[in-house]
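Q: Generate coordinates for the sequence data below:
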Amino acid sequence: MLIFHSAEELQKNLSSTFLSLGLVPTMGALHLGHLSLIEKAIKENTKVVISIYVNPTQFNRPLDLEKYPIHDLNSPIIKRLIEKCKKELDEDSCSTIPNFILPKSLKTMNLELEKQLDEVYMSKEKINAYLYAKDDTSLPKKHPKRNFMERYNGYLNSDCFQKNSEMKYLYETEELLNFVSACLGVSPIYRWADPLACHAYNVMKPEGILPWHFDSCEFTLSLMIQKPENGGIFEYCPNIREPENENFEEVKKVLSGDRTRVKQLKLEPGDLQIFKGRFTLHRVTKVEGKKSRYMCIPAYVLDPWRVNTPEHSKAIYGKVLPIHIERNQARSDGLTD
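A: This next block holds a predicted model:
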């Protein structure tokens, strides 16, 4: 077998004396199907050329597939990882996978965000745990919905991502969708239909803070892109509410400073967190120092039709699209959205 790295090298080696030439084109991921074609070509031709074209769009994957071969859910490594994640999610509503993203891809994601920082929608306001800024005076004064906290952060909306974005590519793969579904033990799940929020970058500049709140989508991935110098710690209260049960009394305790249920999670760049954000009260403490905190937050839902409310979309992502108005209706789980 001879290996050639250019068409010129191949042409020099091929003489005009051979009777027939067989070509087996491949894209690098060789499998048994290719082997059968090669065997057939050898039988039918005097010479056989196998071409390997590595398509960067298909194979420039951000994941460490050797460490985490999520494309094969039946591999022993992934079976063990899924079992671990599912156990943690059932017990704690949260599971972390360290070094999920390759260092080179992490660097690429950081650069692609920093190139678009001028497109990040930054906002500062006081909101309640249900992401609303408007007070409902019909409720008792100490009701959780009347407890307002400062929020200061921003988002690079999903519709701002470049076509060749590694984060966008990762979110749209079936491999990641199926892997997350297996870890949750929930099927089917869907990519979030919200065109602004489905895989947005969360930017927290120095002094940025994200107060106690619930997510609009059931399941959130948090991928740490850049860690701040200090602060920016993720805190959460696992499974504090459930469908048809807001559990306002327990939520009120946390908002009043009771830390009995509070847990902390310290993520490192490249780590992936799978999280049941709609049912778990959570926050990010104030970012300290001169370095911003960058996260990407791909989201998955049970209802493929669901998007953010117009109020949430305007306040958090800076605009409202027709889809937010067309699909604005009460959630089927009976929880505040």
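Q: Now the closest residue to Ile70 other than its chain neighbours, what are its backbone angles?
A: Leaving aside its sequence neighbours, Ile70 sits nearest to Phe179 (Cβ to Cβ, 6 or more residues apart in numbering; 4.1 Å). C-beta coordinates here come from the backbone N, C-alpha and C atoms, glycine included. When read as degrees, to the nearest 10, the backbone of Phe179 gives phi -70, psi -50.
Q: ok, Phe179 - contacts?
A: Counting by Cβ atoms under 8 Å, 6 or more residues apart in numbering, Phe179 touches Ile70, Leu73, Ile78, Ile82.
Q: what do you get for Leu117?
A: Leu156, Val203.
Q: try Ala41
A: Gly22, Leu23, Val24, Val48.
Q: swap in Pro140?
A: Counted by Cβ under 8 Å, 6+ apart, Pro140 has contacts Arg146.
Q: now it: how far from Val251?
A: Per Cβ to Cβ, to the nearest Å, Pro140 is found 14 Å from Val251.
Q: Helices along the stretch 51-200 of the chain, start to end?
A: 56-59, 76-92, 103-114, 166-172, 174-184 (DSSP state H, counting those that start in this stretch).
Q: Can you say which of those helices is nearest to Leu321?
A: Checking these against Leu321 by Cβ to Cβ gives helix 166-172 as the closest, at 17.9 Å.
Q: ok, back up a step: going by distance to Gly277, which of the contacts of Ala41 wins?
A: Val24 (47.8 Å).
Q: Name the residues linked to the closest one by a beta bridge.
A: Ile50 (DSSP bridges).
Q: Can you tell me how far it is from Glu8?
A: Distance, Val24 to Glu8, by Cβ to Cβ: 20 Å.
Q: and Pro103, how far is that from Glu174?
A: Taken as Cβ to Cβ, the span from Pro103 to Glu174 is 25 Å.
Q: Settle it for me: which of those two has more neighbours?
A: The residue with more neighbours, out of Pro103 and Glu174, is Pro103; 11 against 8, by other Cβ atoms under 10 Å.
Q: Surely the more buried one is in contact with Asn110?
A: No. The criterion here is Cβ atoms under 8 Å, and Pro103 misses it with Asn110 at 10.6 Å.
Q: Now for those two: what residues contact both?
A: Between them, Pro103 and Asn110 share no contacting residue, judged by Cβ under 8 Å, 6+ apart.
Q: okay, which residue is most central for the protein?
A: Pro298 (2.9 Å; Cα atoms, centre = their mean).
Q: For Thr220, which non-adjacent residue is closest in space?
A: Using Cβ to Cβ, 6+ apart, the closest residue to Thr220 is Gly277 (4.1 Å).
Q: dump the residue contacts of the one you found.
A: Phe214, Asp215, Cys217, Glu218, Phe219, Thr220.
Q: Look at the first one and say how many residues are nearby.
A: What that stands for is Phe214. The burial count for Phe214: 20, using other Cβ under 10 Å.
Q: Quick check: it touching Arg283?
A: No. Using Cβ under 8 Å, Phe214 is not in contact with Arg283, being 10.6 Å away.
Q: now the stretch 1-150 of the chain, which segments are flagged as low pLDDT?
A: Low-confidence segments of the stretch 1-150 of the chain (pLDDT under 70): 5, 15-19, 27-32, 53-61.
Q: can you list the domain ranges for this structure.
A: 7-57, 60-326 (automatic domain parsing).
Q: Pipe the ones you listed into TSV and attach distance to Asp333 per row.
A: Compiled in TSV, these are given as follows (distance: least, Cβ to Cβ, whole Å):
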stretch	distance to Asp333
domain 7-57	38
domain 60-326	4
